[in-house]
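Student: Here is a sequence with its predicted model. Questions after.
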Amino acid sequence: MTKTTETPLDAQDIVAQADTGARAPLGIPGRILWFVPLCWSLFQLWYASPLPFIFGVGLINDTEARSIHLAFAIFLAFTAYPAFKSSPRDRIPAIDWVFAALGSFAAGYLFLFYNELASRSGAPTQMDIVVSVMGMVLLLEATRRALGPPLMVVAGFFLLYTFAGPHMPDVIAHKGASINKAMSHLWLTTEGVFGVALGVSTSFVFLFVLFGALLDRAGAGGYFIKVAFSLLGHMRGGPAKAAVVASGLSGLVSGSSIANVVTTGTFTIPLMKRVGFSGVKAGAVEVAASTNGQLTPPIMGAAAFLMVEYVGISYVEVIKAAVLPALISYIALIYIVHLEACKAGMEGLPRRHKPTFLESLFSYMTVIVGMIVLSLAVYYGIGWTKEAFGSAATVIIGIVVMVAYVALVRYSSRYKSDAVEDPAAADLSEVPDPGPTARAGLYYLLPIFVLVWCLTVERFSPGLSAFWATVFMMFIVVTHRPLLAFFNKKNPMDTETKAGFIDLTEAFVTGARNMIGIGVATAAAGIVVGVVTLTGIGLVMTDFVEFVSGGNIILMLLFTAVISLLLGMGLPTTANYIVVSTLMAPVIVTLGAQSGLIIPLIAVHLFVFYFGILADDTPPVGLAAFAAAAIAKSDPIKTGIQGFTYDIRTAILPFMFVFNTQLLLLDIDGPVHLILTIVSATVAMLVFAAATQGWWLTRNKWWETILMLLITFALFRPGFFWDEVYAPTNDFEGSAIIEVAEKLPDGQTLNLQVRGENIDGDIITKHVHLPIDTAQAEGLARVLSTGLELRDEDGAKFVDMIQFGSPAEKAGIDFDWEIVQVSTPADRPMKEWVFIPTFLLLGVLAWNQRRRIKLAA
């Protein structure tokens with residue numbers, strides 16, 4: 001086998017243009033372009049740390065921090081990104097220095113004059129407006145440079161809509177806004193540019209990106225790739241399966257699908273071609289795996305933290321909802337790769353030596369048992385120390401983690417010679433042994449354990465959790481080289497110590513430069529959010545989408561998916577999610593309720609997020625496909641199309657979990673139900689992969705493919721068929737609301753169908769689920785606990801009064817609405833009984849395909 005080549009220049013260029021900036025000037029400008037990102041990282045660490053509160057120095061509030069954050073991002077956008085393709089990359093023109101200075105001043109205006117602006121809130125001076133206009137223009141230009149024209153065009157269109165409202169078509173017209181009102185709202189408050197999205201970027205996202213940069217600089221990226229390759233490389237299409245797993249592991253800490261493609265693809269794509277994949281399919285597998293890396297908790301392309309703010313649930317609940325779809329999506333992609341390898345008759349690469357069964361078992365058990373013991377020690381050990389030592393537990397835990405780190409580095413040092421630090425530079429004609437490969441970097445897992453522990457057990461904020469994990473990762477970056485040198489006695493410790501500090505500063509710079517695009521994207525997307533709140537177009541969108549879809553929930557979801565894909569072709573995932581969720585999430589919830597479908601808000605936000613991600617490999621703009629094609633030396637459009645066909649399995653998931661929220665691990669009744677949900681969803685996705693690939697045990701007949709699609713649907717949505725056999729609810733007249741409420745058991749909501757006149761004078765019908773106070777014994781008291789005060793008219797129940805802030809008021813019920821119907825869940829067999837005939841049908845298909853294989857032989 002020939003040695004794998006270095007990353008092609010155009011692939012590196014794509015990453016630079018998309019993530020870090022394509023400029024690399026020499027001399028003083030180069031030093032500035034190195035020093036400013038370093039300062040940005042140090043500022044973000046200081047802001048996230050408890051040190052300002054301990055010493056009472058450098059205390060700033062959220063708004064001031066957002067202002068400084070954006071000032072750094074705009075300065076670097078103008079200095080790191082050329083204005084045009086023809087602009088110089090080895091120097092920074094004078095005009096860009098001017099734009100960088102003016103842009104960072106406008107962004108930092110809220111920090112510099114915070115007290116003055118607070119004292120004249122709502123009454124901006126001429127200077128305020130001039131700075132706001134200048135900042136807005138320069139933000140749009142910075143967005144164009146860092147992210148391309150699409151997001152700038154979208155934000156510019158919404159700005160135009162702000163001022164041209166009276167001249168718009170009646171369906172989207174509004175009274176308009178003056179320049180003073182618009183700029184004050186969008187730039188001088190936290191309703192627009194400096195809103196929630198930029199706040200999430202400032203508080204959470206930066207530290208997670210920095211954590212990923214530190215992890216990668218320490219060598220964890222290469223370690224993950226090698227481990228995946230050692231475990232899967234010998235299988236059919238093994239390098240492609242390794243690419244999927246490695247991209248998933250990289251996606252744990254990466255917010256960029258393009259960087260993920262280049263990091264793992266440089267190594268995996270040539271190996272995929274080596275075992276028989278065409279350039280197009282090799283690139284497509286890497287694209288599909290890398291874009292799906294953003295579905296993988298805990299980062300999810302920074303969207304996880306935005307969902308916390310927008311949906312109003314905890315970070316742990318977001319991760320819980322996202323984990324099963326991400327897991328089955330990756331399992332299905334590995335299976336697709338397997339089917340492709342089976343169709344082409346591929347084989348894997350040979351192992352370095354064929355281990356005996358006992359050797360294999362020992363290798364795997366050493367890694368698995370070691371990780372389990374470490375996990376159990378961390379989980380139970382910390383809990384025990386908290387009870388036994390109280391406030392001293394933190395110091396004890398820190399000492400234990402440090403001891404574990406040193407012990408693992410010493411253990412890993414024995415196997416470093418068996419692992420390749422840079423997989424892309426390795427000459428791999430055979431698969432390395434998994435045991436030594438995995439043991440060579442076990443200490444990389446410790447900061448991830450620290451991060452997950454802080455997030456899920458300590459329930460720290462994402463920002464504070466990322467801070468402690470980042471501090472520990474900084475310690476690892478500085479010390480793991482000299483410790484390895486000490487244990488191996490190969491390189492001088494002082495040389496390795498110096499290299500560790502160089503790695504630390506370079507990781508700070510890389511992490512900050514990776515944040516330029518996210519910083520300006522969240523700020524520019526804030527323009528859209530601000531315009532929505534200023535003009536009220538969010539309310540208009542409901543009528544518009546209802547008109548387009550005819551009130552059909554499926555058509556409405558398809559319309560939303562298309563909008564997400566179209567916007568995502570040019571917008572980064574984070575900005576796409578902000579824009580589409582702001583416009584469409586409330587619409588889907590509202591129209592779903594009118595159709596009788598109560599959709600959890602997290603399901604809607606994940607729906608939008610999934611289709612925004614799929615745009616990364618959607619031709620003609622999918623940058624991830626262009627990066628993969630540059631490495632694979634294939635056609636980027638064909639690579640993107642092939643990658644999208646692999647991602648069809650991901651495209652059906654959002655439609656499924658909107659109608660079956662158990663896929664998001666919601667409404668799960670016990671461990672048996674959880675196991676049934678996981679197994680059925682996984683099998684459904686594998687069957688769907690076999691249907692779309694036209695191959696299972698052998699090539700599918702057309703009718704087998706149709707039956708596989710039917711099986712997929714039945715496993716994903718068993719309730720669809722079960723509702724035809726057993727009615728899902730017992731329905732009562734609205735006049736029986738008090739009697740029904742009195743009989744409701746604990747944990748059930750009051751499910752109502754209500755009808756009334758909305759603010760526009762239209763009569764609407766909607767379904768609502770209201771929580772009740774089951775501590776109340778009487779039905780009337782239970783109804784009152786929802787915020788509803790009712791009156792009787794001709795035997796019907798009408799809303800006489802709504803308590804402010806009550807569940808009824810939040811559900812959108814209004815005065816004088818009629819209670820049309822009350823429903824309770826029907827006592828019926830569990831819908832999972834549908835799985836029995838479904839699995840029997842799948843067994844018949846398997847028997848038939850095996851029979852055909854025997855006949856062909």
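Tutor: Yep, that arrived.
Student: how far is stretch 430-439 from where the chain is centred?
Tutor: Here the centre of stretch 430-439 is set off from its chain's centre by 31 Å, with Cα atoms, centre = their mean, to the nearest Å.
Student: Buried residues in that stretch, which are they?
Tutor: Residues of stretch 430-439 classed as buried by neighbour count (16 or more other Cβ atoms under 10 Å): 431-439. C-beta coordinates here come from the backbone N, C-alpha and C atoms, glycine included.
Student: Tell me which residues of the helix or strand containing L840 come out buried.
Tutor: Per DSSP states H and E: L840 is located in helix 835-856. With burial defined by 16+ other Cβ under 10 Å, the residues of helix 835-856 counted as buried are 835, 838, 842, 845, 849.
Student: Report all helices and strands that it contacts.
Tutor: Here helix 835-856 touches helix 670-693, helix 702-716, going by 3 or more Cβ pairs under 8 Å, 6 or more residues apart in numbering; DSSP states H and E.
Student: Report the angle between it and helix 670-693.
Tutor: In terms of direction (axes from the mean of the first three to the mean of the last three Cα atoms, to 10 degrees), helix 835-856 departs from helix 670-693 by 40 degrees.
Student: State whether I802 and D816 are indeed in contact, as I suppose.
Tutor: No - using Cβ atoms under 8 Å, I802 is not in contact with D816, being 10.0 Å away.
Student: need the helix or strand of this structure with the lowest average pLDDT.
Tutor: helix 357-389 (a mean of 50; mean pLDDT, DSSP states H and E).
Student: Quick one: mean pLDDT for the helix or strand where G283 lies?
Tutor: According to DSSP H and E, G283 maps onto helix 279-292. Helix 279-292 comes out with an average pLDDT of 84.
Student: what's E793 sitting at in phi/psi?
Tutor: phi -140, psi 110 (degrees, to the nearest 10).
Student: pLDDT value on it, please?
Tutor: So E793 comes in at 87 (pLDDT).
Student: Count the residues that sit near it.
Tutor: 11 (other Cβ atoms under 10 Å).
Student: So for G530, what's the nearest residue that isn't a sequence neighbour?
Tutor: Closest residue in space to G530, ignoring its immediate chain neighbours: G192 at 2.7 Å, by Cβ to Cβ, 6 or more residues apart in numbering.
Student: Which stretches in the stretch 651-800 of the chain count as helices?
Tutor: Ranges of helices within the stretch 651-800 of the chain are 670-693, 702-716, 718-725, 737-743, 779-785, based on DSSP state H, counting those that start in this stretch.
Student: ok, residues contacting the last one?
Tutor: Residues from elsewhere that reach helix 779-785 (Cβ atoms under 8 Å, 6 or more residues apart in numbering): 737-744, 750, 772-774, 776, 790.
Student: Return the members of the residues you listed classed as buried.
Tutor: 737-738, 740-741, 744, 750, 772, 790.
Student: circling back: mind putting the helices of the stretch 651-800 of the chain in TSV, mean pLDDT and distance to M136 included?
Tutor: TSV is the format used below for the helices of the stretch 651-800 of the chain (pLDDT from 0 to 100; distance: least, Cβ to Cβ, whole Å):
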stretch	mean pLDDT	distance to M136
helix 670-693	87	45
helix 702-716	92	45
helix 718-725	86	49
helix 737-743	87	51
helix 779-785	87	47
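Student: can I get those in JSON lines with distance to L102?
Tutor: What follows is these, written out as JSON lines (distance: least, Cβ to Cβ, whole Å):
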{"stretch": "helix 670-693", "distance to L102": "51"}
{"stretch": "helix 702-716", "distance to L102": "53"}
{"stretch": "helix 718-725", "distance to L102": "58"}
{"stretch": "helix 737-743", "distance to L102": "62"}
{"stretch": "helix 779-785", "distance to L102": "56"}
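Student: For I92, find the nearest of those.
Tutor: helix 670-693 (48.7 Å; Cβ to Cβ).
Student: Kindly state the domain boundaries assigned to this structure.
Tutor: 13-194, 729-827 (automatic domain parsing).
Student: Buried deepest among those domains, which one?
Tutor: Highest mean neighbour count of those: domain 13-194, a mean of 18 (counted as mean count of other Cβ atoms under 10 Å).
Student: Return the distance of that domain from the chain's centre.
Tutor: 24 Å.
Student: Stretch 223-235 too?
Tutor: With Cα atoms, centre = their mean, you get 25 Å for stretch 223-235.
Student: in the stretch 751-857 of the chain, which spans are strands?
Tutor: Along the stretch 751-857 of the chain, the stretches classed as strands by DSSP state E, counting those that start in this stretch are 763-770, 788-793, 796-802, 818-825.
Student: now these in JSON lines, with distance to L210?
Tutor: As requested, the strands of the stretch 751-857 of the chain are arranged in JSON lines below (distance: least, Cβ to Cβ, whole Å):
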{"stretch": "strand 763-770", "distance to L210": "41"}
{"stretch": "strand 788-793", "distance to L210": "49"}
{"stretch": "strand 796-802", "distance to L210": "47"}
{"stretch": "strand 818-825", "distance to L210": "48"}
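Student: Quick check: the residue nearest to G530 is in a strand.
Tutor: No - under DSSP: H, G, I helix; E, B strand; the rest coil, G192 falls outside any strand and is assigned coil.
Student: measure it to V529 for me?
Tutor: 7 Å (Cβ to Cβ, to the nearest Å).
Student: Which strands or helices does the host helix or strand of A624 pack on?
Tutor: Using DSSP H and E, the element containing A624 is helix 623-632. Other elements packing on helix 623-632 under the criterion 3+ Cβ pairs under 8 Å, 6+ apart are helix 9-15, helix 257-274, helix 279-292, helix 636-646.
Student: hmm, back to that, name the stretch from the strands of the stretch 751-857 of the chain where average model confidence is lowest.
Tutor: Minimum mean pLDDT among the strands of the stretch 751-857 of the chain: strand 763-770, a mean of 84.
Student: Does anything pack onto it? Which helices or strands?
Tutor: Using 3+ Cβ pairs under 8 Å, 6+ apart: strand 763-770 touches helix 573-594, strand 750-757, helix 807-810.
Student: Redo those as CSV? Include distance to F659.
Tutor: Formatted as CSV, the helices and strands packed on strand 763-770 follow (distance: least, Cβ to Cβ, whole Å):
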stretch, distance to F659
helix 573-594, 10
strand 750-757, 17
helix 807-810, 24
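Student: any chance of these in JSON lines, plus mean pLDDT and distance to A173?
Tutor: JSON lines is the format used below for those (pLDDT from 0 to 100; distance: least, Cβ to Cβ, whole Å):
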{"stretch": "helix 573-594", "mean pLDDT": "77", "distance to A173": "17"}
{"stretch": "strand 750-757", "mean pLDDT": "88", "distance to A173": "22"}
{"stretch": "helix 807-810", "mean pLDDT": "84", "distance to A173": "29"}
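Student: rewinding a little: and the residue nearest to G530, what does it touch?
Tutor: 185-186, 526-527, 529-531, 534.
Student: Now do it against F305, distance only.
Tutor: Taking Cβ to Cβ, one finds G192 at 19 Å from F305.
Student: same question, A107
Tutor: 21 Å.
Student: what does D827 give?
Tutor: 41 Å.
Student: Likewise for V579?
Tutor: For V579 relative to F305 (Cβ to Cβ), the value is 17 Å.
Student: the inter-axis angle of the helix holding A624 versus helix 279-292?
Tutor: 140 degrees.
Student: returning to what we had before: please name whichever of the helices and strands packed on helix 623-632 is nearest to L664.
Tutor: helix 279-292 (16.9 Å).
Student: got the angle between that closest one and helix 636-646?
Tutor: Using the same axes, to 10 degrees: helix 279-292 against helix 636-646 is 60 degrees.
Student: starting at the chain centroid, how far to helix 279-292?
Tutor: 18 Å.
Student: what packs against that helix?
Tutor: For helix 279-292, the packing partners by 3+ Cβ pairs under 8 Å, 6+ apart are helix 238-251, helix 257-274, helix 315-344, helix 601-614, helix 623-632, helix 636-646.
Student: after it, next one along is what?
Tutor: Counting by DSSP H and E, what follows helix 279-292 is helix 303-311.
Student: Could you list every helix and strand that that next one packs against?
Tutor: helix 196-200, helix 315-344, helix 462-488, helix 573-594, helix 601-614.
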